[in-house]
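In: Quick one: sequence plus predicted model below, questions after.
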Number of protein chains: 2
Amino acid sequence: MSEPKLHLTAFMRPVSLHTGAWRYPGAYPDANFNFEHLKSFIQKLEAAKFDAFFMADHLAVLNMPIEALKRSHTVTSFEPFTLLSALSVVTEKIGLAATASTTYDEPYHIARRFASLDHISNGRAAWNIVTTGNPEASKNFGKDDHLEHDQRYKRAREFYDVVTGLWDSFADDAFIRDQQTGIYFDPEKLHTLNHEGDDLKVRGPLNIARPVQGWPVIVQAGQSEPGRQLAAETAEVVFCAPGNINAAKELYADLKKRVVAAGRDPNHLKILPAALFVIGDTVEEAKAKRLSLDSLVHYDSSIASLSSALGTDVSGLDPDGPLPADIPETNASKTSRASLIKLAEQENLTVRQLAQRSGGYGGLAFVGTPKTIADELETWLRENAADGFTVTFPFVPQGIDDVTQRLIPELQSRGLFRRDYEGTTLREHLGLPRPNNKFFA
Amino acid sequence: MSEPKLHLTAFMRPVSLHTGAWRYPGAYPDANFNFEHLKSFIQKLEAAKFDAFFMADHLAVLNMPIEALKRSHTVTSFEPFTLLSALSVVTEKIGLAATASTTYDEPYHIARRFASLDHISNGRAAWNIVTTGNPEASKNFGKDDHLEHDQRYKRAREFYDVVTGLWDSFADDAFIRDQQTGIYFDPEKLHTLNHEGDDLKVRGPLNIARPVQGWPVIVQAGQSEPGRQLAAETAEVVFCAPGNINAAKELYADLKKRVVAAGRDPNHLKILPAALFVIGDTVEEAKAKRLSLDSLVHYDSSIASLSSALGTDVSGLDPDGPLPADIPETNASKTSRASLIKLAEQENLTVRQLAQRSGGYGGLAFVGTPKTIADELETWLRENAADGFTVTFPFVPQGIDDVTQRLIPELQSRGLFRRDYEGTTLREHLGLPRPNNKFFA
């Protein structure tokens, strides 16, 4: 059996990145904060053989104008470790990826919680390392000033060394538990880290056995220069957000090159761009679904964001007319202005539709039938733009049903996606090796 | 129906406080770190209508001589939030008490995780507030020096204010989720804490809805002067370790008096001393079980501890002879020496047995038949020594079966313990009110 080519993780915190998702007809308005719904979602995703259930995270209520905030379905969310541990009990195989910050937490806590989740789930945990870019978070952690970008990445790199070192506190075979002799573990197989670095000082050892996977899978999302370098040195999955296939190919080539330069096997880094999947019986129906979803985005909030992205106040324009050709170029908005103008032209969007598109979900999207989308995904794979995708749903539960019941069978029939899990751990799903213990052969 | 008089929580991290527990014939040697076992234990405790499953915690591998450490079954343990969330899915009513430190964690994290656990469990979370007395923990969190005792309690008091304030970020009825108007929550019902105190600075709001219980139940264990005062002001359950009924009565009266002085209803603090329960068909059989369990404690480690507790090196004595009458009194060992000498006399213990008793579990114990133990518990209740107990098991699973299948029916037949849960939340089990929101009437 050859390894399945495509890897799919489901972006589930929030359950949809589209700000209008919770208002879509038939969608569960409380899906993002209803455990029974989340349980049914992960069970559907596992039945469809997804690699993992992925939780982004924030350490603050997002800083946005109250008119937008009061419309946000993400303002109340479960904390990742409590949710994923609970979900681990109602699933058997699907991976569980939690986001945890290296800027606002302690390596001893992080190492311990991931180790515990990995044991409870029998080897299904992944750590999405973030440095927490939201400056609002700092104010919830006693700091007036957000740690500067390069400083955050420097600390993250050291944090990773400490966490992986703590995971290796015990050798895999340290625990004897001999009731006759009374020896519970072999003290020769316990290592005290004694880390003292620029940013962190942690003695160890960790008070939990080595994780089932050795180390939980390492996920990283940064696309800045230090973010790419951190990924090259440490990540096994990259969650990224290229706007189109050309941007994706550039990022893919750059990251794989950096992985090789770091002395690693490029197959041991899986690059999974995030994309919205909107599926219809016809391409036109899928596009209409998306426009209908976009129409649920609050216009006043989205037109303000559009004006800011274009660098010109467009709130006075006829919302139902086309975007004028003469939007001036400004320094602040060069890239976003050009791509928005191109988008409006290509899809023949009104000012209102453009505002709601970019205010709803402005990123990469696959909109079509199971066949047209499978064609696109195959192209992305073949052209080295991705090793798979981080699937974001337009609304739930219907968006999950569309992907799991319609797209997945099409991908399976083409041999692009597994029909069953071949292993039991997330590392096995992703084709990643189990790391050696740093301190014990 | 009158409220059940007795409240019982099960001390489950570690699954037994007795250091020889894992070696007892028929005991599961890996019980402390085996999710399937822990799942079966909590289901037995719920079937017996226990109030809660209680996890103590440590933020370090305990600092003990390697000869003792390598025999300790607590050296690998699950992290509380990951374990309790997972267990919440396989239970419906029993409370879930997690220990979390105010010295080595952040109030935003703590508030968020308990809120999340409380939502996932439908109102069954409790927070055992500890200030982390183990100086070894500081070395795992970048600090060379452990925070001084009074400083820790001062920070804990402020930490409690911040956490409870964060729990109250949203009014109970803040979430509207009106799909037609697109309003997800009422921004008038969101409160930003803006806390700035001596030790903590936290803006808020918390990014999760108010807990089901309003606030998770507050548990506290400190018995020092600042510990008692913190309990009087904040705790709803006190977990304590008096050595006998007289010490318990003194503590009970003092704590209830302090609660009243703090302007609270004394019934809103439940005092639950920890005790080991060893059950036999006869008192003699129960005592023999205990001696048999004690005999599994490593003698060399326990004789060293005994020498230290007595203030005299007794390792040269005949282990199978009695403790000599002439152990000299020293300044360092006044109380412990006296109580050990009394214990050896009362129970006619050899030097070896005394060492293994105090090295195994030296605290309060009820050893007898279901009837004799029920008599004792009734006395404790009637004489205002306790509102219930924190039950520690001598070994598992048999110790759990003995309590749930033999002692609980005896207590139920006397009307001392509930035959079924009357409510669904831990607050309801304990007869505690749901706190009002500090910011919204």
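Out: Now that the structure is in, tell me what you want to look at.

In: and the residue of the stretch 251-400 of chain A nearest chain B?
Out: Nearest residue of the stretch 251-400 of chain A to chain B (C-beta to the nearest C-beta) works out as residue A:298 at 5.8 Å. For every residue, glycine as well, the C-beta is placed using N, CA and C.

In: Report the contact partners of that residue.
Out: Going by C-beta atoms under 8 Å, 6 or more residues apart in numbering or on different chains, residue A:298 touches A:19, A:67-68, A:71, A:359, B:182.

In: export the residues you listed to JSON lines and tack on secondary structure and distance to residue B:322?
Out: Below are the contacts of residue A:298 laid out as JSON lines (DSSP: H, G, I helix; E, B strand; the rest coil; distance: C-beta to C-beta, whole Å):
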{"residue": "A:19", "secondary structure": "coil", "distance to residue B:322": "78"}
{"residue": "A:67", "secondary structure": "helix", "distance to residue B:322": "81"}
{"residue": "A:68", "secondary structure": "helix", "distance to residue B:322": "79"}
{"residue": "A:71", "secondary structure": "coil", "distance to residue B:322": "78"}
{"residue": "A:359", "secondary structure": "helix", "distance to residue B:322": "83"}
{"residue": "B:182", "secondary structure": "coil", "distance to residue B:322": "81"}
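
In: Serialize these to TSV and add fields for distance to residue B:61.
Out: Below are the contacts of residue A:298 laid out as TSV (distance: C-beta to C-beta, whole Å):
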residue	distance to residue B:61
A:19	46
A:67	51
A:68	47
A:71	48
A:359	51
B:182	52
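
In: Just the buried residues of these.
Out: Buried by 16 or more other C-beta atoms under 10 Å in any protein chain shown: A:19, A:68, A:71, A:359, B:182, out of the contacts of residue A:298.

In: quick one: the third one and residue B:181 touch, right?
Out: To tie it back to what came earlier, the one meant is residue A:71. No: Residue A:71 lies out of contact with residue B:181 (C-beta atoms under 8 Å); the separation is 9.1 Å.

In: ok, which stretches of the stretch 101-250 of chain A are helices?
Out: A:107-120, A:149-167, A:225-234, A:245-261 (DSSP state H, counting those that start in this stretch).

In: Mean pLDDT, distance to residue B:160 and mean neighbour count added to these, as a markdown table?
Out: Below are these laid out as a markdown table (pLDDT from 0 to 100; distance: least, C-beta to C-beta, whole Å; neighbours: other C-beta atoms under 10 Å in any protein chain shown):
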| stretch | mean pLDDT | distance to residue B:160 | mean neighbour count |
| --- | --- | --- | --- |
| helix A:107-120 | 98 | 20 | 27 |
| helix A:149-167 | 96 | 29 | 21 |
| helix A:225-234 | 94 | 37 | 20 |
| helix A:245-261 | 97 | 46 | 16 |
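
In: nearest to residue B:8, of those?
Out: Nearest to residue B:8, of all those, is helix A:107-120, at 25.8 Å by C-beta to C-beta.

In: what residues does the stretch 101-250 of chain A put near chain B?
Out: A:104-106, A:108-109, A:112-113, A:115-117, A:119-120, A:139-143, A:169-170, A:175, A:177, A:179, A:182-187, A:190, A:200-209 (C-beta under 8 Å from any C-beta of the partner chain).

In: Pull out the buried residues from these.
Out: Of those, these count as buried by 16+ other C-beta under 10 Å: A:104-106, A:108-109, A:112-113, A:115-117, A:119-120, A:139-142, A:169-170, A:175, A:182, A:184-185, A:190, A:200-209.

In: ranges for the helices of the stretch 251-400 of chain A?
Out: A:283-294, A:299-310, A:334-347, A:351-360, A:370-382, A:398-402.

In: nearest to residue B:94, of these?
Out: Going by C-beta to C-beta, the one of those nearest residue B:94 is helix A:398-402, 32.1 Å.

In: average pLDDT across the following helix or strand past the closest one?
Out: Reading on from helix A:398-402 to the C-terminus, the next helix or strand found by DSSP states H and E is helix A:408-413. Helix A:408-413 carries an average pLDDT of 98.

In: just checking, what packs against helix A:408-413?
Out: helix A:370-382 (3 or more C-beta pairs under 8 Å, 6 or more residues apart in numbering or on different chains; DSSP states H and E).

In: What lies in contact with the helix it packs on?
Out: Helix A:370-382 is contacted from outside by A:5-6, A:245, A:248, A:273, A:277, A:279, A:283, A:366-368, A:385-389, A:406-407, A:409-411, A:414, A:416, using C-beta under 8 Å, 6+ apart.

In: Report the buried members of those residues.
Out: Burial by neighbour count, judged by 16+ other C-beta under 10 Å, picks out A:5-6, A:245, A:248, A:273, A:277, A:279, A:366-368, A:385-389, A:406-407, A:410-411, A:416 from these.
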